[in-house]
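Participant: Here you go, sequence then predicted model.
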Amino acid sequence: MDFQLIKDSIPTSPAFVLDEGEMIRNLKVLNMLRHRCGCKALYSIKALPLSSVLAIAKSFVDGFSASSLFEARMADEILTGQGSIHLTTPGLRPEEWDEIARLATHVSFNSLTQYQRFTATAGNSIGLRVNPKLSFLKDERFDPCRQYSKLGVDIDELWQSSSLDQVQGLHVHNIFSATDFTPLIKTIEKLRSYFGKSLARLDWLNLGGGYLFNQISEHRSFIDLINRLKKDFDLEVYIEPGSAVVGSAGHLVATVIDSFVSDGKTVAILDTSVNHNPEVFEYQRQPQLYEHDPKGGYSVILAGCTCLAGDVFGEYRFTKPLAVGEKVVFKNTGAYSLIKANRFNGYNLPDIYIYQDRQLKKTKHYDYQEYRRQWCAD
Ligand SMILES: *Cc1c(COP(=O)(O)O)cnc(C)c1O
């Protein structure tokens, strides 16, 4: 992606730019895995449910995975029957179930009580989300296997119940942003040691998301693992990445609207805020910046434009002073940014552009009427 071209051609910011070429490169990695081990790939649409993302992804994947009725509806609208829709959520509610059962081809119930409460239709393949009780994450906020977990049926409880004999599939998701397959290998080992040959009774195993397939160069261990699973148990294996599809394909462009010195450091106020990428604040994670040069002689704190004191992206280094009116680009903000964005303080959401064939195309602009519709009761 030509970041300078993007900066020169975007008339107004903040702007979210989707790089189609990068997204296709990521999808081709999934395609390669599909061909080399016969796994099936779904795009987890919660990472970024933009219709253009879904339309591009559609021809590279076997379907979408969804976490709610709205996501299932959107998945269905784009897939028009050409692909599966897998759904798992702790949030199933009785009044939505009929429609979810009509839209989803595969449902993985999150608990045994959920499984007993909802009756599937003939069109659904039913599975259970299992909590393998293997933690690979230090921060328990992301760890589906943390103590008192709300995600999935405890593997020991599943082993003691007879439920595995009654379902068609198992779902497991216990990692976030992994760049090697060790957690997956250990998880499969544990499933094998608990359920052994019973796995052969299943039609499918969904291994969830969380692996950055696009950033892993050595796929051999994954391919071997899936080949062995398919050979030993004769089942379909699904993966459902979100970040690995869109994370590196989205960028946020902002403009410096003010600059001053505070306690001896230069602070630049941007026309965006952490509300356009809330994980920056939630997880205190500094996003990558295209202009940052670790050897640059000018240090600047990039801050958002809202009232919150902690609405700050972080301190970056530049090779020349950063002037008011200049643009900056936060890189790799495709996943879990725009979908979590809000209009706190009444600041508008970013415009949305697609970058394809060295051309920028504006696909979305929000206006005051949308802000008004959200907050006015009339
Ligand atoms: C969030 C989630 C995914 C996608 O995770 P990524 O980290 O974006 O790959 C897939 N499956 C489940 C069940 C999830 O909760």
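Facilitator: Sure thing, it's come through. These numbers come from a predicted model, not from an experiment.
Participant: Could you find the closest non-adjacent residue to residue 341?
Facilitator: Of all residues not flanking residue 341 in the chain, residue 276 sits nearest, at 4.7 Å (CB to CB, 6 or more residues apart in numbering). Yep, even glycine has a C-beta here, placed from its N, CA and C like the rest.
Participant: same thing with residue 366?
Facilitator: Excluding the flanking residues, the one nearest residue 366 by CB to CB, 6+ apart is residue 349, at 4.8 Å.
Participant: Contact partners for the one you found?
Facilitator: Shown in contact with residue 349 (CB atoms under 8 Å, 6 or more residues apart in numbering): 276, 338, 341, 342, 343, 366.
Participant: what helix or strand is it on?
Facilitator: In this structure, residue 349 sits in neither a helix nor a strand according to DSSP states H and E.
Participant: burial of residue 154, as a residue count?
Facilitator: Here the number of neighbours of residue 154 (other CB atoms under 10 Å) works out to 17.
Participant: right, and it touches residue 129 too?
Facilitator: No. Residue 154 lies out of contact with residue 129 (CB atoms under 8 Å); the separation is 10.8 Å.
Participant: Dihedrals phi and psi, residue 317?
Facilitator: Main-chain dihedrals, residue 317, degrees, to the nearest 10: phi -110, psi 140.
Participant: Test for you: state the pLDDT assigned to it.
Facilitator: pLDDT for residue 317: 98.
Participant: Could you give the number of residues near it?
Facilitator: Neighbour tally, residue 317, other CB under 10 Å: 15.
Participant: Around the residue lying closest to it once chain neighbours are set aside, how many other residues sit close by?
Facilitator: Excluding the flanking residues, the one nearest residue 317 by CB to CB, 6+ apart is residue 296, at 3.7 Å. A count of nearby residues for residue 296, using other CB under 10 Å, gives 15.
Participant: got the contact list for residue 296?
Facilitator: 317, 318, 319, 320.
Participant: Let's see that with 7 Å instead.
Facilitator: Residue 296 makes contact with 317, 318, 319 under the criterion CB atoms under 7 Å, 6 or more residues apart in numbering.
Participant: can you check residue 154 too?
Facilitator: Residue 154 neighbours (CB under 7 Å, 6+ apart): 131, 133.
Participant: Quick check: phi and psi at it.
Facilitator: Per degrees, to the nearest 10, the backbone of residue 154 is at phi -50, psi 130.
Participant: Residue 290 versus that one, what's the distance?
Facilitator: 45 Å (CB to CB, to the nearest Å).
Participant: just residue 142 next, same as before
Facilitator: 27 Å.
Participant: now swap in residue 237 and tell me
Facilitator: Going from residue 237 to residue 290 by CB to CB gives 37 Å.
Participant: Spell out which parts of the stretch 251-378 of the chain neighbour the ligand.
Facilitator: Contact residues (CB under 6 Å from any ligand atom) of the stretch 251-378 of the chain with the ligand: residue 335.
Participant: where exactly do the helices run in the stretch 251-378 of the chain?
Facilitator: Under the criterion DSSP state H, counting those that start in this stretch, the stretch 251-378 of the chain contains helices at 279-282, 368-375.
Participant: was I right about residue 351 contacting residue 362?
Facilitator: Yes. If you go by CB atoms under 7 Å, residue 351 and residue 362 touch, sitting 6.1 Å apart.
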